[in-house]
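Novice: Got a predicted structure plus its sequence, pasted below:
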Amino acid sequence: PVFWGWYVVFSSFVMLTLIYGARYSFGVFVKPMFAEYNWPMTVISLAASINLLMYASAGVFAGWMLDRVAPKWITTVSVLFTTAGFIAASFVTSPLGLYLSYGVLVGIGSAGSGAVACTASIGKWFVKKRGIAIGIAAMGIGLGTMIMAPLAGYIVKSYGWRVGFLCIGALTCIVGIVMSQIFMGKDHPERYGLQPDGEPLPTRQSNPHPPDGTVGRPSLKPVLADPRFWLLVACNIFAVMTVMMTFVHQVAYAINSGIDKIEAAAAIGVIGIFGSAGKFFFGWLCDRIRDAKYSAALGFLLMAVGMFLLFRTTNVIMLYGFAMFYGFGYGSLAPVTPYLISDRFGRQVLGVTYGLLTLFSTGIGGALGPILGGFIFDKTGSYRPGWIMNTVFLLIISLLILALKPRPKEGSVACCIGGPKIESALEKVHFLH
């Protein structure tokens, strides 16, 4: 029979296609809302910032829960929140309504059905193939961007932005609940007599709980005291800030540069195509190189090249050139970040640690990106200063991530276990290796 972990990968792929395709389509709705209500770009962009802030805040709780229970009901309830938010967004007539619907409801719902939930679930089922498993699932983010953004652009152009929100909400509800209920009901392989990657448990291992402490009471204290965590936080804050500023404002920037609306929206799809390829490549690369931090550095560098091309964009060819480089580099974020967390701190705290990192990176960087882009446009009448700023930040963090120290020696592994004595920690290391 097929190892159940691959069903988790499939479900996560579909969920990420749906959730991130829907979220990253928000840029398609910005210009029509601006035209209908004449709200300042800063006001509209604030909805995306609130969305990311709620996503980041709720992600900590979602990650904490996922380290303790199977994801089935967490993802189901989250999908219902997301659906309610998109449907409510179709009826908004004021900025407050947009903030509460897309900002609060969709943000909370995305936390429990997006990257934190899916990568934490996959991380419980794989060790040797963790990179490629997360990479395959994360390709759904790119596919969703590729499909949903042009689809939303077509619906908005043909039927209006309100119908666009309604369609996204209905699709999220149907597909999300089916995936959650069928494939997300199991928590970890040891409960079913297997090790990660589908290998059988040794005869002497009779405890159905994972030997690395995935089930129990994992502690965040050692993680918070570790400088490596805060280095990851700093790099991801700036990376996510550039991502969200770009996704929210690149369509409006392209239209202002004289590019057709459909062609401008399709650039998000190009990012999705190359982002999918990047996710697979960087996930594959993490399993094969000495340290995944080199994958992260390469990804940040490619994003910087893409941002510079966006700054230089004057036609659709250059726009798609930006999308290719930026999309492939952006593809590194989804597989590499949880891989580095699991590698440095252990899969027993992957959910809550990834959730906490998301709180900082998305809550600060992601929330700041869209509103900062809107502010720059309102003050200067152009997005170009923002693109140059993003290029500089990405070049800096491509070097900074190389300072991330490797995993501790076996004798110091207890610092990452969160409570067990040294002897117990060494026994677990012996079992894993």
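Specialist: Sure thing, it's come through. Numbers count the residues shown, from 1 in each chain.
Novice: What ranges does this structure have for its strands?
Specialist: Remark: no strands are assigned in the chain by DSSP state E.
Novice: Give me the residue at the spatial middle of it.
Specialist: residue 115 (4.5 Å; C-alpha atoms, centre = their mean).
Novice: Would you mind confirming that that residue makes contact with residue 16?
Specialist: Yes: proximity of residue 115 to residue 16 meets the contact threshold set by C-beta atoms under 8 Å, at 6.8 Å. For glycine as for every other residue, the C-beta is placed from the backbone atoms N, C-alpha and C.
Novice: Pull up the overlap in contacts between those two.
Specialist: Both residue 115 and residue 16 are in contact with 138, 141, 334, where contact means C-beta atoms under 8 Å, 6 or more residues apart in numbering.
Novice: Which residue, other than its chain neighbours, is closest to the second one?
Specialist: Taking C-beta to C-beta, 6 or more residues apart in numbering, and ignoring the residues beside it in sequence, residue 141 has residue 20 as its nearest neighbour in space, at 4.3 Å.
Novice: contacting residues for that neighbour?
Specialist: Counting by C-beta under 8 Å, 6+ apart, residue 20 touches 114-115, 140-141, 144-145.
Novice: do you know how far it is from residue 312?
Specialist: The span separating residue 20 from residue 312 equals 27 Å under the rule C-beta to C-beta, to the nearest Å.
Novice: same thing with residue 378?
Specialist: Shown here: residue 378 relative to residue 312, a distance of 23 Å by C-beta to C-beta.
Novice: Check residue 321 too.
Specialist: Residue 321 sits at a distance of 9 Å from residue 312 (criterion: C-beta to C-beta).
Novice: repeat for residue 379
Specialist: Residue 379 is 22 Å from residue 312, by C-beta to C-beta.
Novice: now swap in residue 289 and tell me
Specialist: The spacing between residue 289 and residue 312, counted by C-beta to C-beta, is 32 Å.
Novice: need the helices for the stretch 251-400 of the chain, in chain order.
Specialist: Listed in chain order, the helices of the stretch 251-400 of the chain (DSSP state H, counting those that start in this stretch) span 261-286, 293-311, 316-330, 333-345, 350-360, 367-380, 384-400.
Novice: Contacts only, for residue 50.
Specialist: Contacts of residue 50 (C-beta under 8 Å, 6+ apart): 99, 102-104, 107, 367.
Novice: Please report the distance of it from residue 112.
Specialist: Computed as C-beta to C-beta, the residue 50 to residue 112 distance reads 17 Å.
Novice: what's the answer for residue 188, then?
Specialist: 18 Å.
Novice: Between these two, which has more neighbouring residues?
Specialist: Taking residue 188 and residue 112 together and counting by other C-beta atoms under 10 Å, residue 112 has the greater number of neighbours (30 against 22).
Novice: Give me the more crowded residue out of residue 321 and residue 312.
Specialist: Ranked by neighbour count (other C-beta under 10 Å), residue 321 and residue 312 place residue 321 first, with 19 against 12.
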